[in-house]
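Visitor: fold the stuff below for me.
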Amino acid sequence: MKSPSIKKYSFILIFIIFLTANITSAQDSGINFEQIYSFPEIAPATSCTAGYRFAGYDNSKKAGEYEYLHNSISAGGEIRLFPFPHRIHLNINVKNRKDYFGDLSYAYRDIVLFRGINRTLFHNLDNIYYGRSPAVSFTEPTDAGEEYGVSVGISNVFVRFKTPHFPFHVYANGSLIKKDGLAQQRFLGGAGYFTTTVPFPFANGRVRTTQKRDIDWKTTEYTIGANGHLRWIEADISHTEKRFDSSGDKVMYYTYLPAGAPTAGSVRQGGTYPHNLNPNLRGSTNTLKLHSSYTGKIVASATFLKKDRENEYSHAKAGYFSGAGNITWMPLTKLIFFIKYKHTDRNIDNPVSVTIADLNNAANTYSDTSVRPSISSHSDMVSLTGRYRPVSRLTLRANYTFRDHRRSDNKAWGLPHSTQKNIFSISGDSRIMAGLALKAGYTHKSINDPAYNVQPDRSDEGRLSISWLPVSRISAILSYGIAIEKRDHMRFAEGPGVIIESPGNRKVRRDNLLGNVSFLIIKELSLTTSYAYMHHKIKEDVFYHNTIPPFTDANRKFDRGVPYSDTANSYAVNIRYRVNDKLNLNGGVTHTRSRAHFNVAAADLTQPVSVASFSSLETRETSYSISGSYTVIHGFLVGAEYRYSDFNDVRDDPYDDVKDSKVHIIWLTLSKKWG
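Guide: The predicted model follows:
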């Protein structure tokens with residue numbers, strides 16, 4: 001990718017010169033910009049905390065998926081200083097060396113603004129059990145007993161400078177996402193193909209294999225920009241650079257068996273070949289935003305964006321251009337219309353071939369020239385929204401959106417040339433009476449030639465939520481959502497120009513229910529209860545082959561109307577009690593039950609082991625917590641927290657990756673505040 005040229009920044013230079021002229025004009029006008037308001041003095045406030053965390057687990061770490069389960073010292077503190085015109089705030093919380101948070105803010109009047117945030121946590125990953133081999137699929141685990149986990153750190157920095165007495169800003173922000181640790185790499189080993197001839201135990205060529213992988217990934221993003229008020233419009237221009245760098249095990253290697261018959265014309269000879277490469281990526285974005293002043297009945301805005309991306313290994317490139325415009329019109333104080341239009345171009349270019357080579361024998365080098373071209377596309381979207389407020393307690397909204405998506409090189413992927421989507425929605429919210437509010441909405445979507453099987457031909461969605469305050473000490477919230485999707489036929493691409501259509505349709509239903517009730521029993525005692533229900537149901541045809549290529553009509557199979565469903569129920573109770581001015585107590589219990597399954601009927605899918613057994617799931621997870629704090633002499637605060645989590649795999653299926661788990665965490669702290 002070429003480095004940014006001078007042309008990219010010419011507009012910024014013109015922009016700054018124009019603003020400088022406006023600043024000079026304002027200063028020459030003799031307007032007095034002296035600050036009239038006297039900022040009050042605010043006393044500084046500081047606090048610090050020290051403690052120790054005891055953490056342990058049984059069997060697996062599943063119950064503490066995002067906890068670093070090792071004993072550790074903890075520390076934290078906060079500083080707030082407001083010596084006007086300076087404002088400083090620092091907050092640090094360290095649970096352990098893998099879990100910490102930091103937030104630093106600084107401001108000087110309204111001229112300088114800075115903020116830096118870091119949040120780092122640890123994610124325990126599964127070592128999926130590959131030790132048992134069904135008769136039709138061999139396994140080759142090479143990482144038995146390995147413990148996996150990745151430390152994930154997200155850092156953000158923002159700084160902004162403002163010219164005195166004029167609304168012009170120059171800003172910069174950056175982000176860093178760092179992932180470091182070990183993970184399990186799962187892939188198809190053996191021959192990595194349908195057949196092989198040696199050795200005899202792996203005659204079918206397909207072996208499910210695992211390896212340990214060192215993760216060291218870094219994603220960086222930097223933005224510089226400027227914005228300001230230019231008389232009747234506001235403008236913002238920015239440039240962004242983004243990179244993904246992969247270190248550690250950037251590429252994996254595996255000694256493969258011969259793919260196909262080991263004769264002339266075979267698919268691939270045996271050897272040590274690369275697999276699961278994580279390439280470095282880079283890109284840049286230029287953005288221009290314009291917005292009219294907020295006065296009057298009409299407000300307009302526009303956004304233009306140019307984005308480039310490149311894969312540094314394969315040299316695949318992607319270019320995006322997007323232009324969007326919005327107009328807001330308020331003919332009456334009770335009536336507002338919003339009109340939006342967006343055009344997007346996506347140009348994707350990839351190499352026509354890919355090459356792999358044996359690490360130990362350069363003669364085993366293979367190039368595949370049948371790489372399909374990536375899909376480029378052009379899309380347009382137009383939307384009209386109206387909002388009407390006939391009375392102070394009622395607001396009504398209606399929206400219509402049309403999207404047109406056109407693709408090139410679509411035939412190679414078995415996708416339609418174009419897809420059109422129509423969306424209509426209505427919604428409203430009303431404060432029916434004091435303490436009772438209602439929100440409701442309905443959305444209908446119709447899609448002509450959807451590209452992917454998970455996209456419906458038509459769908460309907462409804463939403464309803466109620467908030468109720470019957471008395472001053474009781475509050476309740478209830479929300480429910482339902483979505484129904486239908487698709488007449490699904491399409492399966494076997495290759496360029498070969499499309500197989502399912503005989504049946506696809507139906508989807510989603511239900512979500514959430515309820516919450518809070519009780520203020522007495523002034524010092526409160527109780528909160530909640531319940532959540534989620535249900536997802538799909539019925540569709542499953543398409544498969546009972547042989548290896550080449551495929552014919554005789555070995556193409558459909559299992560009609562295969563049902564799949566997953567359900568989750570979650571219950572929670574939390575209590576807070578302020579015993580006196582020195583003692584506070586908190587406690588809570590959360591219980592979640594989840595299950596999922598699908599049923600197949602075709603004999604090829606049930607023997608010797610049903611494929612449904614790999615997806616059936618039933619778990620129960622319960623978490624208990626109790627905590628408290630007590631103020632001792634000289635303002636010191638002693639805190640204690642205990643958490644116990646129990647994750648239970650009810651089915652104990654040997655083919656799934658779920659294990660029972662119990663986690664205990666005790667956290668003792670001592671805190672002190674000043675100011």
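Visitor: would you mark the buried spots in the strand ranked longest in the chain?
Guide: Taking DSSP state E as the criterion, the chain has its longest strand at strand 206-230. Buried positions in strand 206-230, judged by neighbour count with 16 or more other CB atoms under 10 Å: 206-211, 213, 215-230. Heads up, the C-betas are built off the backbone N, CA and C, glycines and all.
Visitor: ok, now stretch 581-588?
Guide: By neighbour count with 16+ other CB under 10 Å, stretch 581-588 contains the buried residues 584, 588.
Visitor: over to stretch 56-64?
Guide: In stretch 56-64, residues buried by neighbour count (16+ other CB under 10 Å) are 57, 60-64.
Visitor: from one end of that stretch to the other, what's the distance?
Guide: End-to-end span of stretch 56-64 (CA to CA, to the nearest Å): 10 Å.
Visitor: now intersect the buried residues of stretch 56-64 with the strands, please.
Guide: Counting by DSSP E, the part of the buried residues of stretch 56-64 found in strands is Tyr57.
Visitor: quick one: the buried residues of stretch 56-64 as TSV, columns for distance to Asn364 and pLDDT too.
Guide: Conversion of the buried residues of stretch 56-64 to TSV gives the following (distance: CB to CB, whole Å; pLDDT from 0 to 100):
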residue	distance to Asn364	pLDDT
Tyr57	46	96
Ser60	41	91
Lys61	41	94
Lys62	42	93
Ala63	47	95
Gly64	46	96
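Visitor: gap between the longest strand of the chain and the chain center?
Guide: In terms of CA atoms, centre = their mean, to the nearest Å, the centre of strand 206-230 is found 13 Å from the chain centre.
Visitor: please apply the same query to stretch 166-180.
Guide: For stretch 166-180 - counting by CA atoms, centre = their mean - the centre lies 20 Å from the chain centre.
Visitor: what lies in contact with it?
Guide: Stretch 166-180 has contacts (CB atoms under 8 Å, 6 or more residues apart in numbering) with 19, 22-23, 26, 150-163, 215-229, 248.
Visitor: repeat for stretch 459-472
Guide: 427, 435-445, 475-486, 520.
Visitor: which parts of the stretch 401-550 of the chain are helices?
Guide: In the stretch 401-550 of the chain, no helices are defined using DSSP state H, counting those that start in this stretch.
Visitor: try the chain
Guide: Remark: helices assigned in the chain by DSSP state H are 7-28, 603-606.
Visitor: worst mean pLDDT among those helices?
Guide: Mean pLDDT is lowest for helix 7-28 among the helices of the chain, at a mean of 43.
Visitor: identify the residue nearest Thr120 in space, chain neighbours excluded?
Guide: Distances taken as CB to CB, 6 or more residues apart in numbering place Gly153 nearest to Thr120, at 3.9 Å, with adjacent residues excluded.
Visitor: is the one you found in a bridge, and if so with what?
Guide: Per DSSP bridges, the residues bridged to Gly153 are Thr120, Lys178.
Visitor: number of nearby residues for it?
Guide: By other CB atoms under 10 Å, the residues close to Gly153 number 17.
Visitor: doesn't Asn118 make contact with it?
Guide: Yes. Gly153 is in contact with Asn118 according to CB atoms under 8 Å; the separation is 6.5 Å.
Visitor: skipping adjacent residues, who's closest to Ala493 in space?
Guide: The shortest distance from Ala493 to any non-neighbouring residue, by CB to CB, 6+ apart, is to Gly414 (3.0 Å).
Visitor: so who does Ser314 touch?
Guide: 279, 350-351, 354.
Visitor: number of residues surrounding the residue lying closest to Ala43 once chain neighbours are set aside?
Guide: Leaving aside its chain neighbours, Ala43 sits nearest to Gly675 (5.3 Å; criterion: CB to CB, 6+ apart). Neighbourhood size, Gly675 [other CB under 10 Å]: 11.
Visitor: give the buried residues for stretch 626-641.
Guide: Residues of stretch 626-641 classed as buried: 627-629, 631, 637, 639, 641 (neighbour count, 16+ other CB under 10 Å).
Visitor: of those residues, closest to Thr255?
Guide: Among those, Glu641 lies closest to Thr255 (CB to CB), at 50.2 Å.
Visitor: what's the offset of stretch 641-650 from the middle of its chain?
Guide: Offset of stretch 641-650 from its chain centre (CA atoms, centre = their mean): 26 Å.
Visitor: the residue nearest to Ala43 contacts Glu78, correct?
Guide: No. Applying CB under 8 Å as the test, Gly675 and Glu78 come out as separate, 10.4 Å apart.
Visitor: and Asp249, how far is that from Leu182?
Guide: Using CB to CB, to the nearest Å, we find Asp249 at a distance of 9 Å from Leu182.
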